[in-house]
Every structure is written in structure tokens, then in C-alpha cells.
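**Student:** 3D model of this:
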Amino acid sequence: MPEKNIENSAMTEENVVLKVTELLETLDHVKRYNALAKSLRRFALIVLGSVVIFLAVGASLGFANLMAPFDKPLFFMESILLLIIPITGIIVGVLFIRKRVNSIKTGQWKTEISQGFPGALKILLEIDWDETFDEISSGRLSYAIYGLLKACAYWIITTFTIGLLGSLVAFVALHKEGEFGGPLLSLIALFIVYLILRKDLSRRYNEIRALDKLLWELRWFSLELRRAEF
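**Tutor:** Next up is the predicted model:
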């Protein structure tokens with residue numbers, strides 16, 4: 001979402017049309033962010049459900065291996081295939097979010113704004129500023145939470161993947177059995193997730209900052225609008 005600068009310039013008719021257009025474009029983005037709020041619970045259920053199933057099946061395999069030891073290579077292969085479950089959960093969850101977000105209709109104001117200043121003024125007079133401020137705040141929060149949930153899901157899967165691959169390497173190369181894990185594993189997984197999602201996290205951070213700035217600018221704009229004479 002590009003940053004919108006509402007400058008302290010004179011409230012000319014052309015300036016009003018420009019600023020209203022910028023505002024409405026940004027509010028379209030906010031509508032999409034708010035769609036996340038209604039979908040976050042289901043997204044979390046899908047992702048966490050897949051992780052729980054993965055852990056339950058993995059624990060069952062581990063218990064079965066203790067009771068009647070499997071062929072170790074086969075056990076590792078089955079464990080690697082198990083990773084398909086949480087990976088599928090993340091993919092389904094992300095696709096679900098995208099579908100909900102993309103279903104939001106935007107740009108419905110373009111016909112009215114094309115009328116110039118009269119259309120822009122009509123839109124401004126119909127805006128509930130307090131509600132708009134609340135929508136921007138909730139949209140910003142939903143966008144941040146979604147990013148954190150997705151990063152946590154990536155971290156969980158990466159942690160188990162590295163642990164499993166480490167145990168496999170130890171078994172094949174060193175002929176040693178045992179769990180490959182600990183705090184260091186979690187930190188390595190966290191660093192890998194950061195590298196994978198670095199651009200996504202940076203984009204989210206910049207967009208959240210832009211929304212923060214927009215809130216302050218809109219407060220000035222709404223006050224200036226009340227004082228303006230056209």
C-alpha cells in the first residue's frame with residue numbers, strides 16, 4: 001500500500017478531489033485488511049488443526065516405534081511425509097484468506113469521484129470519520145496478527161523439519177540414534193523463517209507504519225475540512 005501524503009496545502013477544489021481519491025484508495029486497502037479480522041479465527045483453526053494432527057500422528061508413530069521398532073529409514077521417510085499435513089494446512093489457510101480478501105469489492109466510488117468536486121464533496125460529507133478511524137485501527141491490527149500467525153506456523157514446521165533432517169543425518173552419517181533439538185534448533189529455525197519471510201515482514205511493517213501515518217493525517221484533514229469554505 002503506497003503512503004498517502006495529505007499535505008498542509010490550501011483546500012482548493014482540485015486538491016480536495018485528489019485527497020479524497022487517495023483516501024478512498026487507501027480505505028479500499030483497509031477493507032481488505034478488515035476482511036482478515038473475520039477470517040483470522042478460521043485461518044488459525046485450519047493451521048493449528050493441521051499442526052495438531054501432525055503432532056498426534058507423529059507421537060503415535062513414535063510410540064509405535066518404541067513398542068515394536070520400525071525399520072529406521074522407513075520411519076524417517078514416514079516422518080518426512082507427515083510434514084505434508086502442516087504444509088497443506090498453511091497452504092489451505094493462506095488460500096482461504098486470499099479468497100476472502102479478494103472477494104471484497106473495491107473501487108465502487110470511482111463513478112462518483114469522476115464527477116469532480118461535487119462528487120468528492122458528497123463522499124466527504126457522507127464519511128463517518130470516527131468509524132473510519134476505527135476501521136483503520138482494526139485493519140492495521142488484523143494485518144499484523146495475520147503476519148505473526150503465518151510466521152509462527154512457518155517456524156513450527158521449520159523447527160520440526162530441521163530436527164527430523166538432523167536426526168536423519170546423524171543416523172546415516174554417524175550411525176547414532178536420538179533426537180536432534182534444543183534451544184539452538186529453535187533459533188536456527190527462527191533465522192531461516194526470517195530469511196524466507198524477510199520481504200513479506202518488511203512490506204507489512206512499512207504498510208502498518210503507513211496506516212499509522214494516515215491516521216494522523218486524516219485527523220488533520222477532517223479538522224481542516226470542517227473549517228474549509230467552498
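
**Student:** all helices of the protein, in order?
**Tutor:** Listed in chain order, the helices of the chain (DSSP state H) span 13-67, 72-82, 84-102, 110-113, 117-126, 129-173, 183-227.

**Student:** save these as TSV, and put in mean pLDDT too.
**Tutor:** TSV is the format used below for the helices of the chain (pLDDT from 0 to 100):
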stretch	mean pLDDT
helix 13-67	78
helix 72-82	70
helix 84-102	86
helix 110-113	84
helix 117-126	81
helix 129-173	79
helix 183-227	81
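
**Student:** dump those helices to a markdown table, plus mean neighbour count.
**Tutor:** To be clear about C-beta, it is placed using only N, CA and C from the backbone, and glycine gets the same treatment. Shown next, in a markdown table, are the helices of the chain (neighbours: other CB atoms under 10 Å):
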| stretch | mean neighbour count |
| --- | --- |
| helix 13-67 | 17 |
| helix 72-82 | 14 |
| helix 84-102 | 16 |
| helix 110-113 | 14 |
| helix 117-126 | 15 |
| helix 129-173 | 17 |
| helix 183-227 | 15 |
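
**Student:** can you tell me how far residue 83 sits from residue 59?
**Tutor:** 15 Å (CB to CB, to the nearest Å).

**Student:** same thing with residue 150?
**Tutor:** 25 Å.

**Student:** which residues touch residue 132?
**Tutor:** 27, 218 (CB atoms under 8 Å, 6 or more residues apart in numbering).

**Student:** neighbours around the closest residue to residue 31 other than its chain neighbours, how many?
**Tutor:** The shortest distance from residue 31 to any non-neighbouring residue, by CB to CB, 6 or more residues apart in numbering, is to residue 104 (5.1 Å). As a burial measure, residue 104 scores 13 neighbours (other CB atoms under 10 Å).

**Student:** list the contacts of residue 104.
**Tutor:** Shown in contact with residue 104 (CB under 8 Å, 6+ apart): 31, 32, 35.
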